[in-house]
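> Provided below are the primary sequence and the corresponding predicted coordinates.
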2 protein chains.
Amino acid sequence: MGMFSKTCEYALRAVFLIAHRTADGGRVGIKDIAASIDSPEYFLAKILQDLSKREIVQSVKGPNGGFYMDSKNLSRPLADVVEAVDGNSIFTGCALGMPECSSNKPCPLHNNFMNVRNQLQQMLTSVSIGQFNEELNLGITHLKR
Amino acid sequence: MGMFSKTCEYALRAVFLIAHRTADGGRVGIKDIAASIDSPEYFLAKILQDLSKREIVQSVKGPNGGFYMDSKNLSRPLADVVEAVDGNSIFTGCALGMPECSSNKPCPLHNNFMNVRNQLQQMLTSVSIGQFNEELNLGITHLKR
DNA sequence: ATAAATAAAGATAAAAATATCTTTTATTAT
DNA sequence: ATAATAAAAGATATTTTTATCTTTATTTAT
């Protein structure tokens, strides 16, 4: 198990891909996305349905339809995607899973773990979905394999 | 979902509890542990069986039996517990779940995420199972609720 | 030696996450 | 208007994780 759920991993790769592929207009279809990020097509379809409802990506049906993102969505922090899919427990939850852990009634790891969580959150909020297009274009970074 | 699996959360709470309760000799039984950390007894039993095989905790059967830890185990870094239960993918895996992600062929988040993972690993290796006994004694930190 | 206590091991069950398939709805092009 | 296309929605299946129950093996005390 990684830090995020598999659903979230696919979601992140997908938004990067959509951002990259539709930067200058146009749409990209689910089959194309799934192949480009090496994810199971039908499962990804469900994920994107959800991201679409939550207005993190946009879509149109029919011929030449597909998914895309407007500039507002491109500038969203990655944290929005993670939170939409996995919820915010990764940012706020107790490392030991204790429901009432807080600075008042902390678990042994409370303070140590807070630093880690904060750095993760800081990283994910300071980075936008669209900011990696350039290096994806240049083939410096990748979204499959 | 938190950062660790539920199994790992219970495991961490359990080793803290065992360390705390058996610091000056003696053993603590599974029923007692489960009640003390608010975890499902039978499930925790399986987890401790595994930690026992991996020699992270020790156990003896029979009357007055139970779980305990020797001083070598008390000084183990928490990272050993996490790795025993969840594997090391949380320390080494790609944020986007890409199997071949590396500095040679990075995902977009590779470098940003490396910092977070490293801080997590650093934290978990710099902290030992036994080092929280004092504050558990004082009732400053807690292991249930 | 025997009985009682306790963890280990094995088997089964329930819930959640992941994955797939089918039908419906919206859009576009003809 | 009609047919083709593509996502949305609904239904089902599979796998993994989490949880429980039963039986066995080991240890201790009597």
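Yep, it's here.

> please name the nearest non-neighbouring residue to A:A95.
Excluding the flanking residues, the one nearest A:A95 by Cβ to Cβ, 6 or more residues apart in numbering or on different chains is A:F113, at 4.1 Å. All C-beta spots, glycine's among them, are computed from the backbone N, C-alpha and C.

> show me which residues of chain A sit near DNA strand D.
Applying Cβ under 7 Å from any atom of the strand, one finds that chain A approaches DNA strand D through A:1, A:27-31, A:42, A:45-46, A:48-49, A:52-53, A:59-67.

> phi and psi next, for the residue nearest the centre of chain A.
When Cα atoms, centre = their mean is applied to chain A, the residue found nearest the centroid is A:L12 (3.2 Å). Note on A:L12: backbone dihedrals following degrees, to the nearest 10 are phi -60, psi -50.

> my guess is it contacts B:L96. True?
Yes - contact criterion Cβ atoms under 8 Å: A:L12 and B:L96 qualify, at 5.3 Å.

> shared neighbours, those two?
Common contacts of A:L12 and B:L96, defined by Cβ atoms under 8 Å, 6 or more residues apart in numbering or on different chains, comprise B:L109.

> so who does A:C101 touch?
A:C94, A:C107, A:H110, B:H142.

> how far away is the third one from A:V60?
Plainly put, A:H110 is 47 Å away from A:V60 if you go by Cβ to Cβ, to the nearest Å.

> returning to that earlier point: most neighbours, which of the contacts of A:C101?
Scoring the contacts of A:C101 on neighbours with other Cβ atoms under 10 Å in any protein chain shown, the highest-scoring entry is A:C107 at 26 neighbours.

> isn't it right next to A:G93, touching?
No - proximity of A:C107 to A:G93 does not meet the contact threshold set by Cβ under 8 Å, at 10.9 Å.

> contacting residues for A:L143?
Contact analysis of A:L143 by Cβ under 8 Å, 6+ apart lists A:R13, A:F16, A:L17, A:H20, A:S36, A:I37, A:L136, B:L96, B:M98, B:C107, B:P108.

> would you map the helices across chain A?
Ranges of helices within chain A are A:6-21, A:30-37, A:41-53, A:71-74, A:78-86, A:89-92, A:110-126, A:133-137, based on DSSP state H.

> do you know which of those lies nearest B:L74?
helix A:110-126 (17.5 Å; Cβ to Cβ).

> for that closest one, buried residues please.
Neighbour counts over helix A:110-126 (16 or more other Cβ atoms under 10 Å in any protein chain shown) mark A:H110, A:N112, A:F113, A:V116, A:R117, A:L120, A:Q121, A:M123, A:L124 as buried.

> also stretch A:58-65?
Residues of stretch A:58-65 classed as buried by neighbour count (16+ other Cβ under 10 Å): A:Q58, A:S59.
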